[in-house]
Each structure stands twice: as structure tokens, then as C-alpha cells.
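**Q** Everything below, folded, please.
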Amino acid sequence: MQRRDPPPTDEGWYVLHDLRTIDWDAWREAPEQVRDRALAEGIDYLRAHESVADAPAGDSAVFSVLGHKADLLIVHLRPTVADLDTAERRFERTELAGFTDQSSSYVSVTEASGYTEKAREYFEGELDEDSGLYQYIQSRLHPEIPDAEHVSFYPMSKRRDPEYNWYELPFDERADLMAAHGDIGREYAGKVTQMISGSVGFDDWEWGVTLWADDATDIKDLIYEMRFHPSSSKYAEFGPFYFGRRFPPADLPALLAGEPVPTGEGGDADAGDAPAATAARAGGAVGGDADGGDGRGHGGVHPGSPGEGDHPHAGERDGSDDSDDSAAAGRPDSGDADVTEDPNVDRRLASLGIHAGSDYDDGDYALVFDAEVDAGDLADDLDGLRGNFEHYDSHVLTTVRASGGEAAVVSVWTNEGAAETAAGFLTELPGVSGGVGGVLGDPDAAEEDDAADAAGGTDGDADDVRAQLADLGIYAGTPHGEDVYALVLYSTADPGALAAEVGDLRESFDHYDTHVKTAVYEGEDGPNAVVSIWETESAAETASDFLADLPGVVGRAGEGDGFGTMGMFYTVKPEFREVFVETFAEVEELLAGMDGHRETNLLVNREDDTDMFIASNWDAREDAMAFFRSDEFAETVQWGREVLDGRPRHVFLA
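**A** Down below sits the predicted model:
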């Protein structure tokens, strides 16, 4: 028996169609705070994967599926099997996964094959990479999911019946059938976009076909017309069809509430649009000409033309399973939280360095929980919870502060109801005991504050202090006028060992344009300091996650009570270094007698002894400002112009 020639194939991204059915009874019976957590984690997962935060390239999208076979379809495209495997298992770690069952799935890899003469030029390496055909095939191997409303997915195989066996046909006959089949697809160019993915050896069928269109009837008409062609009527077998509509991750709550989606509110404009193709980008033709176009089309012809082939990439799952059984576990009711009403909770926040105007508004509601654990460890445990909180507009802030040798968790919300829900989660943190809660400031003043902001009010205490310093002739910022943000952590580790660790981190930080410097500073008394300065606050906060893992970290500037958010960095002319240190000792004596002053330390950069850092801690912001308004400070500033190499940085610690 003669062996038939298979067409050459090329493969691109691996594809997972993850189909989920929602357990509606469990969803309806779950406590509100559990549903809120599931929604927050679900949105976070979908947004992160649509923005491809988990891999160097690819695309993802989520769809609502109509009918009984599934409720959700999540489509992932990733460069490797490992990337796809991780994306699938990460969903199982979310609270939302506990309310779903994987009703079906399909694993495949995007594929192009060489049935036409032109396509064979690609496989024989005769095409210039700038040619339209080469770019076209690459766009089919590495497609973008179009931003179309409707999707239809189905698997299919070629028949092996005694009478109609596709694999027994001569190559030229198969090529002719697929060419005519493709002619039908070209009639739907601009209406339907298609992705062909091969699954021989990966799943139960030979190909997966995914169609996208804004008009659902275009999908129906295309498939209906192709069914009459012999390549389908004689030689094709089809699996189940899944039909749905795309929605942005932010609309997940509306979907599960039975409301229309998309809502049209554009909640994912910043988080999830990166991989979504616009209508213009989604204009690839189904059944398009492999030798035409500008190389930007997505999709391609129907299975059997350049999409038909049987040469899958090798790839194995690693066999591991990171699913978390706790994902489906419920959270306590907010009523279980031991919270005592405190009409003066704003005073407690002030003692922790959290102030009205800069950190919260009148009328917000605050929770404060004490915890008998290390503040750094608690901050790590709080990070994931805070990430979920930030999906809600009612969330203002959630942070950990050092307080009297212990730690305090502070969470502020725009209303008491949201705060009560958050309390149920916060009391589950390790070491957290009873707390207090209360309305902040004057609730009646909230509308007045909003009006003032609309009229051009300040952006908070930080800008207010900067403005006051500017009025006093004090430079606040970098020598070029940009705002910078500094992160200061204290460590009891050996200075040499600490410097080695920081050096490794700095090499990584230097890859980012927003990094200004990171260094170890030593002081005569107390722990050493690690100072990291960045051009943006968000970059500083990201860096803090890495710096917090340094050895011997005992605290972070600004986390204690009082006002300690002012760091002053000076580069001293070498010939004046000793004079500067002596003058600081005199200023330190002056500060010791000032109301509200707690502590001021001078620390020196281990790698440059002309680089000085001064950190002060005060009872309140006004105490610090009283010093900056003093004649003594004005004289010090004037003297500094002679001994400093450049102007000082008066930096608010991030």
C-alpha cells in the first residue's frame, strides 16, 4: 500500500480552551464576603492573563458561553506548554475556581501547513522574512485574539471511513479540495476571523477551530456554506460546538449577577486592553489568500488548507499540581470580627502617621487591628489581601505600621459597610487580635472637601509640606526638579554582608530608568539603613517587596508612629566633610530641645563618605514644620550652599 505524503507544518503558540460550569447553587448560598473575594480574585486572574503578565508573549480572553455545556470559556495562547500549564493551574488557586467545574477543555497548538505551492516556499526557506506571505503565516502562528463580540469553538477531525478516508487521498487531490474550501472562506474576509490549532497527540480530535465575529450569523453562514463542500461533507467529522460572547474581566460581577455584559463602562481600559485587538487589527480573512495581504491578517483558511497538518510539537506537562484546596474555603462573616467602635479613631491613625487630607477624607471609615507579630511578616501576609481590596472603589488604603514594638493593621474605606466586610478578612491574618473602628473626621465636611478639591485643592499632606518648604526657599526634589521617592529600611545585619546583598539588588534595579540609587548607609548608633530612591512612588513600592527580604530588617522608615516621612540627602564637598559632621552634632543638640522632636540620625553611604542621609522622627507634622520655619534652620540652609556639592534633596519617604 502506498504511503501518502503529509503536508509540511509549522507550529506557533500553544492554546488552551478552558471551559467552566458555575455551581450556581453554591454561588447563591455563599456569604457575601466570600463571593466578593471570589470576584476580586477572578478579576485579578483574568486581568493579569489578558495583559500577559505571566509570560513573555501570548494572549488571553474570557467569554460567556450560552447553553448548558459551559458558562465560561477562557482562552489562553502562550509560547510554551509550561506557560499554558501554569496559567491553567493558577486559576485553581483563586476563590472563584471553587465555584466552578471544568466541564471541558481543549489543548492544541497554532499551526500552518504547506498545501499550496506558495506555502511550500515558506517551508523550504525560500521566503524573505519581510514578504507578505511570511508575515501572514507568522500572524497565524502567533495570533491576537480579536476584539469581536462573538466566539464559536469546535474540534474536528478528518474521516477515516473505508469509503471516505482523507488520509488515503493523494496529496494533489487533498490540495485541490482545500483550495476550493478556502475560496469559500475568502468570501467572509473582514467578517469572520479564525484560528486553526493542531491537536494530534494533544487531545481527542485533530484540530481546534475558533471563529470570531461581531455578527453571529456570519459564523453560522460560513459553517453552513462549507458543510456543502466535499472537504466537509465527505471528509470531516465535527465535535461539540461552544458559542459565546466576550466580556471584559471587570464585568465578571455583572455576569454572575445575571446582568447584561459587556456593561460598556470600560472598567478594563487600563488593565486588560493590551492584548485585545481592535477591529482593524482583527481583520484577517477566514480562508484568506496565503499569498496576499499585508501580513497583518489573523486567522487563515479553514482546516485542511494552510491550517491542516499533523506534525505537533513535542511537549510534556511537568506533572505538578499547585491547586490550593483552600481556594474554595469560605471566609468568616464580618459579624465575627471583634471590632469596638471608637469615635477618636482618627487620633490613633495620626499616631501611626496616617493623616486626613493626604491619606483619607472626612467621612471615611477606619479599622485598626493590633497584631503580636513582626510588622514585616505581617506586611507580606497582607499584600495579597490588599491586592483584592484595591479592586473596589470603596477601598482607600490598607497598610501595616509599627506601633510600640508590635504591629498594627490599618484599613480605611469610604463607608462602614465595606469596612465591616473587610474586617472579616483582616481578622484572619496571623496574630491579629481585637480592633477598633470608627468614622474619620467630620462626616458633614466630606461634601465641602469634594467641592474644595474640584476648585483646585491640594493633593494631600505631601504636596502641602512640599509647598510650605518651597515658600521657605527649601528645595524639595531632585536637582533637575523631578519628584523622587525614597524607601528606607533598617537592618541589624553585618554591614558588609548587607552591602553585598544590596549590591546584587542594585544590579537588577539599574535596568529600570526610574531607579535613582540604592545604597547602604551606616550610623554611629542604632541599625544601618538601606536607602533606595526612585522617580515614581509605584516603582519604590515595587522595590520594597525585594528590599524587605534583606537580612536583619527590623523596620521601615515611616512605619512607626509620629511624623517621620522626611529624609534629607546631602552630597558634601570632600573638603567640608568633617565640618559637616561637626555641624550636624550642633544641630542635633538644638533639635533635642525642640517640642515634638524624637530622634534625628546622620548616616553615611558605605561607598561614598561624602553622601549623607539624615532621618528625623517627630510627634507630628507641625512639630517638624516648626523647625523648618526656624531661624536656625534658615542659617543652616544658607551655610549649606557653601559646603554642599549641589542642592540637598528633601525627600518624602515612599
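**Q** phi, psi of Arg93?
**A** According to degrees, to the nearest 10, the main-chain angles of Arg93 amount to phi -80, psi -10.
**Q** Then Tyr167?
**A** Dihedral angles (degrees, to the nearest 10) for Tyr167: phi -80, psi -10.
**Q** And the one 10 residues further on, by the same measure?
**A** Main-chain dihedrals, Leu177, degrees, to the nearest 10: phi -60, psi -40.
**Q** Show me where the stretch 301-450 of the chain has its strands.
**A** Counting by DSSP state E, counting those that start in this stretch, the stretch 301-450 of the chain has strands at residues 339-341, 365-371, 395-403, 406-413, 432-439.
**Q** isn't Asp54 right up against Leu84?
**A** No - the criterion here is CB atoms under 8 Å, and Asp54 misses it with Leu84 at 10.2 Å. Placement of C-beta: from N, CA and C, glycine included.
**Q** Can you pick out the residue with more neighbours from those two?
**A** When Asp54 and Leu84 are compared for neighbours, Leu84 comes out ahead with 24 against 16, by other CB atoms under 10 Å.
**Q** give me every residue that touches that one.
**A** Residues counted as contacts of Leu84 (CB atoms under 8 Å, 6 or more residues apart in numbering) are 14-16, 76, 78, 107.
**Q** what about the helix or strand where it lies, distance to the chain center?
**A** Secondary structure from DSSP states H and E places Leu84 in helix 81-92. The chain centroid and the centroid of helix 81-92 are separated by 16 Å under CA atoms, centre = their mean, to the nearest Å.
**Q** mind starting the numbering at 127 from now?
**A** I'll keep to 127 as the first residue from here, and by that count the last item is helix 207-218.
**Q** So which of the strands of the stretch 427-576 of the chain is nearest Phe635?
**A** The closest of those to Phe635 is strand 521-529. By CB to CB, the value is 23.1 Å.
**Q** same for that closest one, what does it pack against?
**A** Counting contacts by 3 or more CB pairs under 8 Å, 6 or more residues apart in numbering; DSSP states H and E, strand 521-529 is packed against helix 501-515, strand 532-539, helix 542-552.
**Q** residue contacts, the closest residue to Pro700 other than its chain neighbours?
**A** Nearest residue to Pro700, sequence neighbours excluded (CB to CB, 6 or more residues apart in numbering): Thr736, at 5.6 Å. Neighbouring residues of Thr736 by CB under 8 Å, 6+ apart: 697-700, 703, 771.
**Q** how does it look with 7 Å?
**A** Contacts for Thr736 (CB atoms under 7 Å, 6 or more residues apart in numbering) come out as 697-698, 700, 703.
**Q** And the residues you listed, which of them are buried?
**A** By the neighbour-count criterion of 16 or more other CB atoms under 10 Å, these include these buried positions: 697-698.
**Q** Buried ones in the helix holding Leu210, by neighbour count?
**A** In terms of neighbour count (16+ other CB under 10 Å), helix 207-218 has its buried residues at 207, 209-218.
**Q** likewise stretch 313-333?
**A** If you call a residue buried by 16+ other CB under 10 Å, then stretch 313-333 has these buried ones: 314-315, 317-326, 328-329, 331-333.
**Q** I'd like the mean pLDDT over that stretch, please.
**A** Across stretch 313-333, pLDDT averages out at 91.
**Q** Can you tell me the SS state at the residue nearest to Pro700?
**A** Following DSSP: H, G, I helix; E, B strand; the rest coil, the label given to Thr736 is strand.
**Q** tell me the pLDDT at it?
**A** Note for Thr736: predicted pLDDT of 90.
**Q** same check, this time on Gly421
**A** Looking at Gly421, its pLDDT reads 30.
**Q** ok, back up a step: what's the closest of the strands of the stretch 427-576 of the chain to Phe759?
**A** Here strand 521-529 is closest among the strands of the stretch 427-576 of the chain (CB to CB), at 27.7 Å.
**Q** Would you mind pulling the contact partners of the closest one?
**A** 478-479, 485-486, 490, 501, 504-505, 508, 512, 515, 533-540, 681, 685-687.
**Q** please redo it, this time with the cut-off set to 8 Å
**A** 477-480, 485-487, 490, 496, 501, 504-505, 508, 511-512, 515, 533-540, 544, 548, 552, 681-682, 685-687.
**Q** What pairs with that strand, parallel or antiparallel?
**A** strand 532-539 (antiparallel) (DSSP bridges).
**Q** Which parts of the stretch 327-476 of the chain are helices?
**A** For the stretch 327-476 of the chain, the helices defined by DSSP state H, counting those that start in this stretch cover 342-353, 356-359, 378-382, 471-477.
**Q** Out of the ones you listed, which is closest to Lys284?
**A** helix 356-359 (8.8 Å).
**Q** could you say what helices and strands the closest one packs with?
**A** Against helix 356-359 (3+ CB pairs under 8 Å, 6+ apart) you get helix 297-312.
**Q** helices or strands up against the helix it packs on?
**A** Packed next to helix 297-312, using 3+ CB pairs under 8 Å, 6+ apart, are helix 342-353, helix 356-359.
**Q** repeat that with 10 Å
**A** helix 243-249, helix 342-353, helix 356-359 (3 or more CB pairs under 10 Å, 6 or more residues apart in numbering; DSSP states H and E).
**Q** Next, the angle from that helix to helix 342-353.
**A** 150 degrees (axes from the mean of the first three to the mean of the last three CA atoms, to 10 degrees).
**Q** starting at the chain centroid, how far to helix 297-312?
**A** 44 Å.
**Q** Now do the longest helix along the chain: distance to the chain's middle.
**A** Using DSSP state H to define each element, the chain has its longest helix at helix 158-176. Relative to the centre of its chain, helix 158-176 is centred 12 Å away, using CA atoms, centre = their mean.
**Q** Mind checking the pLDDT average for it?
**A** Computed over helix 158-176, the average pLDDT equals 94.
**Q** Ok, stretch 715-731 next?
**A** So the average pLDDT for stretch 715-731 ends up being 84.
**Q** What of stretch 521-541?
**A** In this model, stretch 521-541 has a mean pLDDT of 82.
**Q** Please save the CA atoms from that stretch in CSV.
**A** Extracted C-alpha coordinates of stretch 521-541, given in CSV (Å, rounded to 0.1, in the frame of the first residue of the first chain):
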residue,chain,number,x,y,z
HIS,A,521,-11.2,51.0,49.3
VAL,A,522,-9.0,53.8,50.4
LEU,A,523,-5.9,52.2,52.0
THR,A,524,-4.8,49.1,53.8
THR,A,525,-1.3,49.0,55.4
VAL,A,526,0.8,47.7,58.3
ARG,A,527,2.5,50.1,60.7
ALA,A,528,4.9,49.5,63.6
SER,A,529,3.4,50.5,66.9
GLY,A,530,5.0,50.2,70.3
GLY,A,531,7.2,47.2,69.4
GLU,A,532,4.2,45.5,67.8
ALA,A,533,2.4,45.8,64.5
ALA,A,534,-0.9,47.5,63.6
VAL,A,535,-3.1,46.8,60.6
VAL,A,536,-4.9,49.9,59.3
SER,A,537,-7.7,49.6,56.7
VAL,A,538,-9.7,52.6,55.5
TRP,A,539,-12.9,52.5,53.4
THR,A,540,-15.3,55.1,52.1
ASN,A,541,-18.2,53.5,54.1
